[in-house]
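A.B. asks: Quick check, what structure comes out for this input:
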Amino acid sequence: MFGKQRKLDTEDELYDYALRALMRRAHSVHEMKQKLMRRADSELLAQVVLARLKEGGKLDDACYAKQFTRGRTEVRKQGKYRIARDLRARGVPDRHINAAIAESAESHDEAALVRQRIERRLRSFRGEISDKKFASLYRSLLAAGFPSDVIRRELKSITREELSSPESNDDA
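C.D. replies: Down below sits the predicted model:
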């Protein structure tokens with residue numbers, strides 16, 4: 001359906017292509033390098049454009065990791081393990097990943113994020129919470145990248161609250 005994209009043979013064309021890609025969304029250095037290698041006429045041309053983007057401050061893995069971590073923590077409410085895995089898949093070095101996650105941990109309480117996800121998920125459950133639903137909730141939190149000890153602690157505290165609230169209603 002779509003034809004093969006033509007190779008770009010000048011630095012300006014390839015640079016404009018890279019800027020358009022960066023306007024759509026931020027990219028890590030590794031992602032941009034792959035993108036440029038697919039479209040460049042030569043590997044040297046791609047390296048020159050990549051260096052130009054880095055020098056201009058348009059491509060920076062440290063900033064990308066911080067921005068990515070902030071978005072995944074605040075918007076998607078994901079845990080540090082999932083964020084780290086996704087950043088590694090995008091070719092971001094571990095030193096930038098660790099720094100971004102540490103910075104995010106200072107401003108966000110992981111237990112509170114787990115609690116929010118649990119409460120949102122519990123609202124969707126109908127009837128009594130069976131062991132099967134409980135296991136499903138636990139797996140979804142693990143997949144979201146939260147540590148298992150934090151998940152267990154929050155699930156125990158939520159279930160204690162669930163068990164104590166019907167008793168208080170019966171006394172009234």
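A.B. asks: Quick one: the helices in the chain, in order.
C.D. replies: 11-24, 29-39, 43-55, 61-74, 80-89, 94-107, 110-124, 131-143, 148-171 (DSSP state H).
A.B. asks: To Gln5, which of those helices lies closest?
C.D. replies: Proximity to Gln5 (CB to CB) singles out helix 29-39 among the helices of the chain, at 6.4 Å. For the C-beta atoms, the positions are set from N, CA and C on the backbone; glycine is no exception.
A.B. asks: That closest one packs against which elements?
C.D. replies: helix 11-24, helix 43-55 (3 or more CB pairs under 8 Å, 6 or more residues apart in numbering; DSSP states H and E).
A.B. asks: what packs against the first one?
C.D. replies: So the one you mean is helix 11-24. By 3+ CB pairs under 8 Å, 6+ apart, helix 11-24 packs against helix 29-39, helix 43-55.
A.B. asks: Identify the residues contacting the longest one?
C.D. replies: Helix 43-55 is touched from outside by 8-9, 11, 14-15, 18, 22, 29, 32-33, 36-37, 40, 59-60, with contacts defined as CB atoms under 8 Å, 6 or more residues apart in numbering.
A.B. asks: and those, which are buried?
C.D. replies: The neighbour count (16 or more other CB atoms under 10 Å) marks 8, 14-15, 18, 29, 32-33, 36, 40, 59-60 as buried among the contacts of helix 43-55.
A.B. asks: could the residues you listed be laid out in a markdown table, adding pLDDT?
C.D. replies: Formatted as a markdown table, the buried ones among the contacts of helix 43-55 follow (pLDDT from 0 to 100):
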| residue | pLDDT |
| --- | --- |
| Leu8 | 84 |
| Leu14 | 93 |
| Tyr15 | 95 |
| Ala18 | 95 |
| Val29 | 96 |
| Met32 | 96 |
| Lys33 | 95 |
| Leu36 | 94 |
| Ala40 | 90 |
| Leu59 | 95 |
| Asp60 | 95 |
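A.B. asks: Same list, those, but as CSV with distance to Gln116 please.
C.D. replies: CSV is the format used below for these (distance: CB to CB, whole Å):
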residue, distance to Gln116
Leu8, 46
Leu14, 44
Tyr15, 42
Ala18, 38
Val29, 33
Met32, 34
Lys33, 37
Leu36, 39
Ala40, 44
Leu59, 34
Asp60, 31
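A.B. asks: ok, back up a step: any idea which of the helices of the chain gets closest to Lys4?
C.D. replies: For those, the distance to Lys4 is smallest for helix 29-39, at 10.5 Å, taking CB to CB.
A.B. asks: now that closest one: how far from the chain's centre is it?
C.D. replies: Counting by CA atoms, centre = their mean, to the nearest Å, helix 29-39 is centred 20 Å from the centre of its parent chain.
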